[in-house]
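In: whatever this is, show me its structure:
(2 chains)
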Amino acid sequence: DSGVTQTPKHLITATGQRVTLRCSPRSGDLSVYWYQQSLDQGLQFLIQYYNGEERAKGNILERFSAQQFPDLHSELNLSSLELGDSALYFCASSVDDGSGGFYLNTQYFGPGTRLTVL
Amino acid sequence: TQLLEQSPQFLSIQEGENLTVYCNSSSVFSSLQWYRQEPGEGPVLLVTVVTGGEVKKLKRLTFQFGDARKDSSLHITAAQTGDTGLYLCAGRYNNNDMRFGAGTRLTVKP
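Out: A predicted model of the protein is given here:
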């Protein structure tokens, strides 16, 4: 158990819909990262938040957005869902991002949310 | 497009055998990490390497970072069934850009 929790574990929805994925980081961790893992694309970094502020952006679509709340939990919002959005979505947390990136920080991954878009 | 190439994509061996998996890029990494992911779980960090030519050992696992910091290898000695999983490398290219490889799926048979 990494200490990172994600809900829900599974989510099935239809194209065009909007969903929200939730992540609670390990106690004391200030950084939260979101990743998408699909069979054909591997693990793709989406976005990072540090203490409530966006810190880094990866391959995140404009239909997707995220935020980190004062209690440090984070939500990933996916809208206008398409079939190709079906994937595992992971959240990870770390204590500090050091220089502003991933340098030498250990990221602890949650168990993931499996999203299926029908 | 994957900036990191991992090979082989799949590997199936018998318990007790040795194996090496590779992570290559045409670009220089400032640092590189190896993770193992088991079915239904998130990736777990195994090691971080930073210096070209660096070698790190974790029990039966040996990690090497290439001199030019464009490649890395993971060698497992006397593989056990518990080593079964997806091995991912993740390279950091600049301050805020981190990319994962597609992974090597290892199966160790008893």
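In: report how many residues lie close to B:G101.
Out: By other Cβ atoms under 10 Å in any protein chain shown, the residues close to B:G101 number 28. The C-beta positions use only the backbone N, C-alpha and C, and glycine is treated the same way.
In: now B:C89, what are its backbone angles?
Out: phi -110, psi 150 (degrees, to the nearest 10).
In: in chain B, what residue comes closest to chain A?
Out: Closest contact between chain B and chain A, by Cβ to the nearest Cβ, is at B:G42 (2.8 Å).
In: next, that residue: secondary structure please.
Out: Three-state assignment for B:G42 (DSSP: H, G, I helix; E, B strand; the rest coil): coil.
In: for it, which non-adjacent residue is closest in space?
Out: In space, and not counting its chain neighbours, B:G42 is closest to A:F109: 2.8 Å by Cβ to Cβ, 6 or more residues apart in numbering or on different chains.
In: test my guess that that neighbour contacts A:D1.
Out: No - using Cβ atoms under 8 Å, A:F109 is not in contact with A:D1, being 11.2 Å away.
In: parallel or antiparallel, list what pairs with whatever helix or strand A:Q36 lives in.
Out: Taking DSSP states H and E as the criterion, A:Q36 maps to strand A:31-38. Using DSSP bridges, strand A:31-38 pairs in its sheet with strand A:42-50 (antiparallel), strand A:87-94 (antiparallel).
In: partners of A:Y89 in the sheet?
Out: A:Q36, A:T113.
In: check what pLDDT it gets.
Out: Per-residue pLDDT puts A:Y89 at 97.
In: ok, it - how many residues close by?
Out: Here the number of neighbours of A:Y89 (other Cβ under 10 Å) works out to 24.
In: surely it meets A:P111?
Out: No - assessed by Cβ under 8 Å, A:Y89 is found out of contact with A:P111, at 10.8 Å.
In: thank you kindly, that will do.
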